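In: what shape does this take:
(chains A and B)
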Amino acid sequence: MQPETTTYRMKDKSQNKRLFTATAIVFFIVVILCGCDSIFHKEKFDKNLLSGKWVSGTIYEYYDLSGTGYTWDTADDVTEEEAQHFSWTLEKNVLTQIHQMEMGGNIPKKYTVTKLNVSILEYHDNYGKYYTFTKK
Amino acid sequence: MKKFLKISAITLASLIAVIAIAFPILCFNIFSPSKLTKIVNNNANKFITSDFKIERAELTFFKSFPKVGIDLQNTTLKDINSDTLLYAKSLIAAIDIREYFRNNKVVINNFSLNDGCANIVINKEGVANYNIFKTDNKNDTSTFNSYIDLKKIKAKNLDFIFENQQSNILIELKETDLSLTGNFFENNIEGDLSVETTESFFSSKDSTNIIFSCDKTKLNYSGKFRDFNILNGNLDAYFADSHLSVDTNLYINSLDFALKSNIDFDFKKWGLGFDNGKIKLGNCILNIDGIIEQNSDNSSLNFDLDYKTEKWKICEVLPNIPQSLIGNSLKTVDLNGYISLQGNVLGEYNNKTFPIITTDVTIQNADLKINDFPLSFQNLDAVLNLNMNLNQQSDLTIKTFSATTKKRNKIIASGKIKDLFGKMLFSIIANGNLHIKDFSEFMPSDFTKCDGLANIDINTNFAYDSKKGFSLNDIIGEADCKFSDINILYQDTTTITSPLLTAKLKFPTDEKPYKIEEWLNAEIYSNQLQIKNLTDFNTVISDLKLNVYTNNFLDSTQELKLGTTYHIANLNLNIDTIFATLSNPNGKFVMYNSTDFLADYQGESAKFKLGNSFNFASDALNLRAKASYKHDEENPLLKWTPTVNLYVKNADAKLKNVEHHLQSSLLNIEFNPKTCELKNINFRFGESDVNLNGTITGIDSYLKDIGLLKGTLSLTANYLNINEILDIIDGFGAPDSLIAEANAIATNKKDSPFIVPFGVDLNMKTTIKEALVEDVTFRNIAGQIYIKDGILVLEEMGLTNDAAKMQLTAMYKTPRLNHLFLGFDFHLLDIKIDKLIEMIPDVDTILPMLKSFSGNAEFHFAAETYLKSNYDIKFSTLRGAAAINGKDLVVLDNETYKNISKKLLFNKKTQNKIDSLSTEITIFKNEVDVYPFLISIDKYSAVISGRHNLDMTYDYNISLIKPIRIGLDIIGLSDRLKYKVGKAKYANDFKPEKKRVVESNILKLKSLISNSLRENVKSFD
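Out: Numbering: from 1, shown residues only, chains lettered A, B, ... in the order given. Alright, predicted model coming up:
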């Protein structure tokens, strides 16, 4: 028969270890959750501000509140009447443009909006391409 | 002796003087006037029943010298009605009493009546007023048969009136001097009569009113007067200032004429016979023979009169022709020359009946000028026969007629005019040798110069009514016309020349080949006819043969109808820069009315040249066309509704700026306003060898701009060079704005892209063994091609080449010249990747990593973009998706691969084979996003994703997930790539998500094409 103290000690160590592990996990989760909140916090933009015609050099984009828009580039001798259409959503700072091919099919493009006010629209994609539009 | 003679003479003269003085004195004392007057008045009553009064009677010696006579002064003899029968201021009679008693012979040595008047009246019962002499024995029927010698009977200044109330004849002679010598025996008088009057009047007022009057009359008659009724002798009469009217018609108006004839005049019948009579009117002499007598039954005149003129000067005759006969027609005619007449007047004349006048008219050496008529006629000779029967029908026979006009044009004619004063039925045969130049006045004013010779033979029958004009329905005619050396100038700009042109006309014609109410048939031949515009038009026609039929175009109530066959040996035409040569063209042309036409053309060969821009040549060219013309249609293209059948054999066409000839061994097209059926069109164009069949519909809707030109065609070809074909149809039917833009670009030597035809809806089923597009050869091409109102669609076009089996569905449209839309769905199966890049170099731009692989792959690519006019891509409009699937590929051992394998710690012995490759790509503007895909090389597995831009900047990540996890970022320009090792992005069990963007696009592309074609169908509201 093993001495009660040793058993107790062994049991006590085991219990402590579990407790430590549980406490660490809880702490880790709390820390993670708290960190995530600060890391994944996304700025929220008012999509109403997006409505209207924006221009960046020769590139024009037009958004209306119904979630549709169109874009054209006068550098390619394209007029507004000949613009190509897309649908869009703005969730917090993520601007998603789904470009509609005339022949059918959609080409999705996602951008991160960094600035949006009544006169400036700035966004970029994941490949480091930045766009700055001014309200027309 | 002399003295004796002198004394004897004086003695004899004295004796005569004594006797001359003593005898009257003795007579006057024995037969004093008072005694003698009493004796005469007393004895006259024994013989005369009427009142008789002699104011004074006396013997006279000097007035009746050498016989003694009795002189009755102011003698008045009343007729049976107590009207004055005879009055004489002085009446002297000397009778040889000795002859009467010795030989029972009355010799009136002298009977003269001066200053008196005589009125003889026969009343309606036929009783003469001069029946005033007593007959002692009523039963005594013996006649006075003593011989009376009328030595000298004279009347001077006697007014004489004879009135026959029975026949309504009145004769008045004023201031008549009369002289008669002859004898009277048994109621017959024979002698010489001379009458002169200052004024004569004759009237016959019965059924026909005849009035004759003249101022001065001289009349000498030598002959007999039998039974106080019949004059038979020689008459020599002269009438000055004569007037003759019949009813209201004035036949002689103030004419002097003389009559010399042996005459027979029957007072009872009131008949006058002429024998060898001559009537002289001025210098004109008319010979007459025959009888004019009054019909006692109906008071009409019976004529049986032959007449013949000398050769008269027409200018002297014409003024004397009564206006009542010819109206005012001669006022507009100037006719000189000679005329002679010979004929007969036969028949009864009254207010209902006219005698028949037959006249042979001979006109010689006459000149004729008609006012307001541009031609005059010279050397006019004619022999005419006039049969004037006013009771029924008068005919004029033109036995011969010849004349010249403008000195050198000769006209010969003969014929007949039936019913001259009625319907005027002409039957004329004429020949003219004419210089056309002399008749230029008759040509329309547009013909500014006409020259040439014409020989015309006409045989025509027609009718002319003086009120209604030509009776066109009755015209019958034949004409042979031969024109030579024709030279006509039209509107000072166009010349028409021909060395020889003949025309054979016949109307009406019995032949009705076209059922156009044929009336005229004209056979026209010209060995050469040239029509040349001085500026831009020239045509030469050789051996022209026309057989023309028309309806009666002279009838203004009918529209012109025309049908003709034509045959031409050769026709050369030049209009401005258009040249045409037709060999042996023949056929027919029919104009049914002003609306409906038919044209039939057959030719052995044809050549056309349009400047330097178009050349055409063919062997047989047959055309049969029907067309209707819509007068009220405003659109010029719709005014005609043709139905055409075109057959062309061995045609060769060449367009400027098109390198190759278009050659057709057979072309057979049927065309109508709605449909064009291409029955068989074989053509070679450059290297292309094409057979085209099918039907094009909706032509009328297309022309009305309310619908598309639709076509269902079948095209089979052994070889087709698409590049050359596109050059031909480039821009057909494009809007004006687009054409203008293209022209401007062409002028500026800019790009000229292919413009899809507008307004058409063509569906072409193609079966092509081999075709060249750009510089790529495709084989076994089969599929549908649609061209619809500016949109070109290739639908599921299967084709093969050395590199792959392919299927292409594509759409190309040209809304704007610098904004061309191109969308396509392109599937390449089992294609060698290097061939793919060679065939479509743009693939290397879109997916540059592909050139790192070798082997066969499937390539599916759906994209759309707008193009510039030079076909440069407008990258801002580029949208697309692609999928590449490959197996057993080899990674090419190039510099990039070496860098990657080195960074990812690949074993040097790694085999660079890839079991499979499956990647999907989207294209947006110049961004090509490659969705993560897994590749396995030897023992290594990696996930590749990233983006490159079409400016050849890269941002890729390769995540090696087996056997180790390591990541490699590849960034930068293609020629200066940077490799950065990092963590792998993807888990070991990565499975790429299938976006299926291509499949999605394909489905939607098909839907889009279908919708586009439907949307472009024009509304037919």
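In: now chain A against chain B: closest residue?
Out: residue A:104 (1.9 Å; C-beta to the nearest C-beta). Using the backbone N, CA and C atoms, a C-beta is placed for each residue, glycine as well.
In: per-residue pLDDT, that residue?
Out: Residue A:104 is assigned a pLDDT of 71 by the prediction.
In: and it, how many neighbours does it have?
Out: The number of residues packed near residue A:104 is 21, by other C-beta atoms under 10 Å in any protein chain shown.
In: can I take it that it is in a strand?
Out: No: counting by DSSP: H, G, I helix; E, B strand; the rest coil, residue A:104 falls outside a strand, being coil.
In: and the helices in the chain, which stretches?
Out: The chain I'm using is chain A. A:4-39 (DSSP state H).
In: wrong chain, I was asking about chain B
Out: Using DSSP H, helices in chain B cover B:2-30, B:33-47, B:97-103, B:314-317, B:323-326, B:699-703, B:722-729, B:736-747, B:833-839, B:842-846, B:895-903, B:997-1015.
In: measure the closest residue to residue B:230 other than its chain neighbours to chain A for me?
Out: Residue nearest to residue B:230 in three dimensions, not counting chain neighbours: residue B:266, with 5.2 Å by C-beta to C-beta, 6 or more residues apart in numbering or on different chains. Distance, residue B:266 to chain A, by C-beta to the nearest C-beta, to the nearest Å: 121 Å.
In: one more: residue B:252?
Out: When distance is defined by C-beta to the nearest C-beta, residue B:252 is 103 Å away from chain A.
In: my guess is that residue contacts residue B:246, does it?
Out: No: Residue B:252 lies out of contact with residue B:246 (C-beta atoms under 8 Å); the separation is 9.9 Å.
In: what about the nearest residue to residue B:486 once chain neighbours are set aside, how many neighbours?
Out: Closest residue to residue B:486 apart from its sequence neighbours, by C-beta to C-beta, 6+ apart: residue B:452 at 3.9 Å. Counted with other C-beta under 10 Å, the neighbours of residue B:452 add up to 20.
In: what are the structural domain limits within the chain?
Out: No chain in the question, so chain A it is. What automatic domain parsing lists as the domains of chain A is A:1-41, A:47-135.
In: you looked at the wrong chain, it should be chain B
Out: B:30-166, B:311-422, B:444-576, B:585-686, B:689-801, B:828-994.
In: now render the ones you listed as a markdown table, adding distance to residue B:177.
Out: What follows is these, written out as a markdown table (distance: least, C-beta to C-beta, whole Å):
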| stretch | distance to residue B:177 |
| --- | --- |
| domain B:30-166 | 5 |
| domain B:311-422 | 29 |
| domain B:444-576 | 49 |
| domain B:585-686 | 82 |
| domain B:689-801 | 103 |
| domain B:828-994 | 124 |
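In: quick one: closest of those domains to residue A:67.
Out: The closest of the domains of chain B to residue A:67 is domain B:828-994. By C-beta to C-beta, the value is 18.9 Å.
In: pLDDT on that closest one, on average?
Out: On average, domain B:828-994 scores 82.
In: need the pLDDT of residue 25.
Out: Unless you meant another one, I'm taking chain A. At residue A:25, the model reports a pLDDT of 67.
In: chain B is the one I meant
Out: On the pLDDT scale, residue B:25 is placed at 60.
In: any regions of chain B where pLDDT drops low?
Out: Low-confidence segments of chain B (pLDDT under 70): B:1-31, B:61-66, B:135-146, B:207, B:298-299, B:324-330, B:466-474, B:727-751, B:988-1021.
In: gap between the residue nearest to residue B:486 and residue B:856?
Out: Separation of residue B:452 from residue B:856 (C-beta to C-beta, to the nearest Å) stands at 85 Å.
In: please apply the same query to residue B:48.
Out: Separation of residue B:48 from residue B:856 (C-beta to C-beta): 167 Å.
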